[in-house]
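Visitor: Need a 3D model of the sequence below.
(chains A and B)
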Amino acid sequence: MNLLMIIRVAFRALQRNKMRAALTMLGIIIGVSAVVAMVSIGQGAQAAVAAQIDSIGTNLLFVSAGAQNVGGVRSGTGDTGTNTLTVEDLDAIKREVPSVSMVTPTVNSRGQLVSGNMNWNTSIQGVSEQYPEVRKWMVQSGEFFTESDVRTAGRVLVIGQTIADNLFAGGDPIGQTVRVQNLPFRVIGVMVKKGQDQQGRDQDDIAFSPYTTVQKKILGSPRLQIAYVSAVSPDATYTAQQQITELLRQRHKLNANDPDDFTVRNMSDIAEAANETNNTMTMLLACIAGVSLLVGGIGIMNIMLVSVTERTREIGIRMAIGARSSAVKSQFLIESIVLSLMGGSIGILLGVGVSLAIPKMLGWPTLISTMAIVGSVVFSIAVGVFFGYYPARKAAALDPIDALRYE
Amino acid sequence: MQAIQEITKPDLSGLHLVPEPRPVIQLEHIHKTYTMGDVQVHALRGVSLTIREGEFVAIMGASGSGKSTTMNILGCLDRPTKGSYILDGQDVSEMTKDERADIRSRKIGFVFQGFNLLSRTSAVENVELPMLYAGVSGSQRHARAMASLAAVGLAGREQNHPNQLSGGQQQRVAVARALVNNPALILADEPTGNLDSRTAVEVMEIFQRLNRERGITLILVTHEQDIAQYAKRVIVFKDGKIRKDYQVEDQRNAAEELKNLPVIEDDDEDE
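Guide: Here you go, the predicted structure:
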């Protein structure tokens, strides 16, 4: 008796009790579709992060004041309380590190922007004229400020779309005057709309001004929190990281066994960290979904056990007319595999459907993973074999004489 | 009755030099002991028996006489504790479970009291079942199942499910199933036990016809004396031993009887 025949027999047996087969499959359907949908969500998030990092540029480095661990005392990077990063440091980096092409400091502040009878509280970042190139974020209209604005601490602002919408409500903001802490600033440009970031923060709710202006006229402090540095190429980031570290240690007169009082990170470290977080999330979601798949498998085993008892007489007949134990075992095993595999297939369709619907309904990015689909198919077959084996063996072990006498 | 015996007998009795038909079943000193807890039950205590090709044997006996045990051993469903059993030239007493399954598939056709057809499965598929396990190819399976059903008078009923067939028709499907692999013998265990008297005669008529026309060896287990009278030879069991073994003097002819029986049910009624 060949495999094809056994599969046909199994299908016929399942057809005789469609309702039960469908309900048994439901467990697997839910399990598999949950796995597929969850992994899609996880992978979608990962892809979104990757795309975002890619758009920022993989040759980007961050230099921040303070270190995560200074002399055993932890302090956040870019802490406003540390003075260990200066404009002179950045100038030195720009001048002396050959693998660095561009540098922009950032000085963070918040303030109320007032224009006519409208006002808006936002983040005002002091940066250099190279910021658009370093961050690959260009102006949409008007222009970014120039080196001379930075040198003279000019009161100019380049605003994000959100501010443009809120302060000027459709009108052209270019050339308008905005007051910050009662100082008039001229709006000279509007940045390209960026949308929300991974955490759902509005990236367009921001205004840029020369860092000298922010330091002198808004904050009144020469502190720098963080600087963006562009390496000449993505491959040069590690060299640049090392060279910057060396240079800054030298400039800060640190001894060989002193810890760094600054932090240099590159984009791939950050990408890795983000990926790790996302992977953990994906794994967690998939595991929870996997539990439902397991429960589905137990459902199959339960039904197969009932089925073996119920069909004891049938098993007896089959054995009496010449079925070997192995043929009976195969039949029940295949029935179980057919159940789980059919459930798995429907589950994949459902899971893919859900994955396609989620971006439209919830706005989350999803990425349908071939791995998850292949994995689900393999896992459902495994569930079928694993949970079908015991009932099948029970059927095969029946004695035909007793089985025929069974009422 | 006389006429039939004269037609079938000549080449057996006419030429004394011709050897007897070859034996299909040879039982030698078969013992079967069941252990139930601490008690040993001796179901068979030394049974020796030879059944030759073309015989029609009825095995009789009260319950507990050992006739069911004999039936199970003859059908290779069970193994004797002691003794040898040669079926169609093959020693089956020492065979493994799988080997016995193969022997059942190729050499033995079963007919049971309770019909034992697969429910929700058409007649033709029920008949195809033994060929499935014997490895007969698909097209051949179907053709042979159809022929077998026609042989028991069920042409046109092939697609009916057991619940759409009368008891007699169901038993005929079972006979068709038993026949389909051209077995060396057909074992019928109380085949008329669940049937009314006319249907019982109809089934016996099929058995007699198969035995007469095709020379199929038949063993019939029954506890009814009048059913046993359709066979050519009767073996009576008692207390695990053969008590009597005789040729039937006045064999009943089911075909003749059917002509004289009033038709009670319309056999061809639609479901």
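Visitor: can you count the residues close to the nearest residue to A:Ser221 once chain neighbours are set aside?
Guide: Counting by CB to CB, 6 or more residues apart in numbering or on different chains, A:Ser221 lies nearest to A:Gln215, which is 6.4 Å off, once chain neighbours are set aside. For every residue, glycine as well, the C-beta is placed using N, CA and C. Neighbourhood size, A:Gln215 [other CB atoms under 10 Å in any protein chain shown]: 21.
Visitor: And A:Ser330, how far from chain B?
Guide: A:Ser330 is 11 Å from chain B, where distance means CB to the nearest CB, to the nearest Å.
Visitor: Secondary structure element holding the residue of the stretch 1-150 of chain B found nearest chain A?
Guide: The nearest approach of the stretch 1-150 of chain B to chain A comes at B:Ser105, 2.4 Å away (CB to the nearest CB). B:Ser105 is part of helix B:97-107, with elements assigned from DSSP states H and E.
Visitor: buried stuff in that helix?
Guide: B:100-107 (16 or more other CB atoms under 10 Å in any protein chain shown).
Visitor: from those, which is closest to B:Asp196?
Guide: The shortest gap between B:Asp196 and any of these belongs to B:Arg104, at 30.0 Å (CB to CB).
Visitor: residue contacts, B:Ile172?
Guide: Not Ile; residue B:172 is Arg. B:152-154, B:202-203, B:206 (CB atoms under 8 Å, 6 or more residues apart in numbering or on different chains).
Visitor: so when I look at B:Arg45, I'm seeing a strand, right?
Guide: Yes. Applying DSSP: H, G, I helix; E, B strand; the rest coil, one finds B:Arg45 inside a strand.
Visitor: re earlier: excluding sequence neighbours, find me the nearest residue to the residue of the stretch 1-150 of chain B closest to chain A.
Guide: Once flanking residues are discounted, B:Ser105 sits nearest to A:Gly322: 2.4 Å by CB to CB, 6+ apart.
Visitor: Same check on B:Gln140?
Guide: Of all residues not flanking B:Gln140 in the chain, B:Met131 sits nearest, at 7.6 Å (CB to CB, 6+ apart).
Visitor: Surely the one you found touches B:Arg144?
Guide: Yes. B:Met131 lies in contact with B:Arg144 (CB atoms under 8 Å); the separation is 6.5 Å.
Visitor: Which of those two has more residues huddled nearby?
Guide: Taking other CB under 10 Å, B:Met131 and B:Arg144 do not tie; B:Met131 has more neighbours (24 against 19).
Visitor: Under the pLDDT cut-off, which ranges of the stretch 151-271 of chain B? List them.
Guide: B:263-271 (pLDDT under 70).
Visitor: so what's the residue of it at minimum distance from chain A up against?
Guide: Residue nearest to chain A within the stretch 151-271 of chain B (CB to the nearest CB): B:Arg177, separated by 7.0 Å. Contact analysis of B:Arg177 by CB under 8 Å, 6+ apart lists A:321, B:109, B:117, B:126-127, B:129-130, B:148.
Visitor: what does A:Asn279 give?
Guide: A:Asn279 neighbours (CB under 8 Å, 6+ apart): A:42, A:46.
Visitor: List phi and psi for it.
Guide: phi -60, psi -40 (degrees, to the nearest 10).
Visitor: separation between it and chain B?
Guide: 50 Å.
Visitor: show me what contacts A:Gln196?
Guide: A:Gln196 neighbours (CB under 8 Å, 6+ apart): A:202-203.
Visitor: List the beta-bridge partners for it.
Guide: Note on A:Gln196: beta-bridge partners by DSSP bridges are A:Asp202.
Visitor: Quick check: it vs A:Ala48, distance?
Guide: 10 Å (CB to CB, to the nearest Å).
Visitor: same deal with A:Arg393?
Guide: Taken as CB to CB, the span from A:Arg393 to A:Ala48 is 48 Å.
Visitor: can you check A:Leu219 too?
Guide: Separation of A:Leu219 from A:Ala48 (CB to CB): 34 Å.
Visitor: Of all the residues in stretch A:152-164, which ones are buried?
Guide: So for stretch A:152-164, counting by 16+ other CB under 10 Å, buried means A:153-164.
Visitor: so A:Val100 makes contact with A:Ala240?
Guide: Yes. Using CB under 8 Å, A:Val100 is in contact with A:Ala240, at 5.4 Å.
Visitor: host element of the residue nearest to B:Asn116 when sequence neighbours are not counted?
Guide: Leaving aside its chain neighbours, B:Asn116 sits nearest to A:Ile317 (4.8 Å; criterion: CB to CB, 6+ apart). Using DSSP H and E, A:Ile317 sits in helix A:312-320.
Visitor: what helices or strands is the next helix or strand after that helix leaning on?
Guide: Once the chain leaves helix A:312-320, the next helix or strand it forms, by DSSP H and E, is helix A:325-361. Packing partners of helix A:325-361 (3 or more CB pairs under 8 Å, 6 or more residues apart in numbering or on different chains; DSSP states H and E): helix A:3-15, helix A:18-56, helix A:267-310, helix A:312-320, helix A:370-396, helix B:97-107.
Visitor: starting at the chain centroid, how far to helix A:325-361?
Guide: On the basis of CA atoms, centre = their mean, to the nearest Å, helix A:325-361 sits 28 Å off its chain's mean C-alpha point.
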